[in-house]
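Novice: This is the structure alone, sequence omitted:
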């Protein structure tokens, strides 16, 4: 069955590769690629169209700008009348700023929270009416792209590293929201999960070497993007598809 899917922050990296994989599916999914930079977003969609993926569409969306969020919702509502899958992928790391717990750049913490947490929350709430616009027995999905470092259990290990306060804390807050949202929406057959693709070499980490490719990272998200009736909800999964500790 063809689905209408929105992937935020998807003009590059894991988001772009996920859009490509979804648009290549034989079911003919309509996949919205979104970006806050309109030029970059349109260029990314133009390349997908050049590759024969005409079912990929662009919508301008900056998760930190509620006006663009509402505009994107209205555009998709007018064109499609519903949204089957929301992938909250947009995020920033602020790895170029001081993030040690005893010497953190407070401005970096605020910016990371604005995008990774507040932006995710307000985008989700804005699109909920479209997600809820469905027959009672039809599945809808919300997937929040997380990180290993958002796991308090994982980071509390004695040998844990990369305690990047701005990034980790904002993503941990998003994980907490994932749990609350899943509990509230499970009675409506709306599945909500978080997934960490694991260490992936992208712009987010200044293309640090040794990680997965963006395509490999996107593939780890795919099973939780296209869930079936028996799919999980309220869970956190690792890049290997196994449950990851909150």
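Specialist: Happy to help now that I have it. Given the structure is predicted, the values throughout are model-derived calculations rather than measurements.
Novice: Give me the spatial nearest neighbour of residue 111, chain neighbours excluded.
Specialist: Closest residue in space to residue 111, ignoring its immediate chain neighbours: residue 94 at 6.2 Å, by C-beta to C-beta, 6 or more residues apart in numbering. (C-beta placed from N, C-alpha, C; glycine too.)
Novice: Give the pairing partners of the host helix or strand of residue 31; include direction for each.
Specialist: Per DSSP states H and E: residue 31 is located in strand 30-35. Strand 30-35 pairs in its sheet with strand 4-7 (parallel), strand 56-60 (parallel), by DSSP bridges.
Novice: and that strand, average pLDDT?
Specialist: Mean pLDDT, strand 30-35: 98.
Novice: So what angle separates the directions of the helix or strand that comes right after it and strand 56-60?
Specialist: With elements assigned by DSSP H and E, the helix or strand that comes after strand 30-35 is helix 38-50. Calculated by axes from the mean of the first three to the mean of the last three C-alpha atoms, to 10 degrees, helix 38-50 forms an angle of 170 degrees with strand 56-60.
Novice: So which residues of the protein form helices?
Specialist: In the chain, the helices defined using DSSP state H lie at 13-24, 38-50, 66-80, 106-113, 120-132, 152-155, 165-185, 214-225.
Novice: which parts of the longest one are buried?
Specialist: By neighbour count, with 16 or more other C-beta atoms under 10 Å as the criterion, the buried positions of helix 165-185 are 165-175, 177-178, 181-182, 185.
Novice: Also the shortest one?
Specialist: Burial within helix 152-155, assessed by neighbour count using 16+ other C-beta under 10 Å, is assigned to 154, 155.
Novice: Which elements pack onto that helix?
Specialist: In terms of contacts (3 or more C-beta pairs under 8 Å, 6 or more residues apart in numbering; DSSP states H and E), helix 152-155 is not packed against any helix or strand.
Novice: what's in contact with it?
Specialist: Residues outside helix 152-155 that contact it (C-beta atoms under 8 Å, 6 or more residues apart in numbering): 148, 149, 160, 163, 168, 172, 244, 245, 246.
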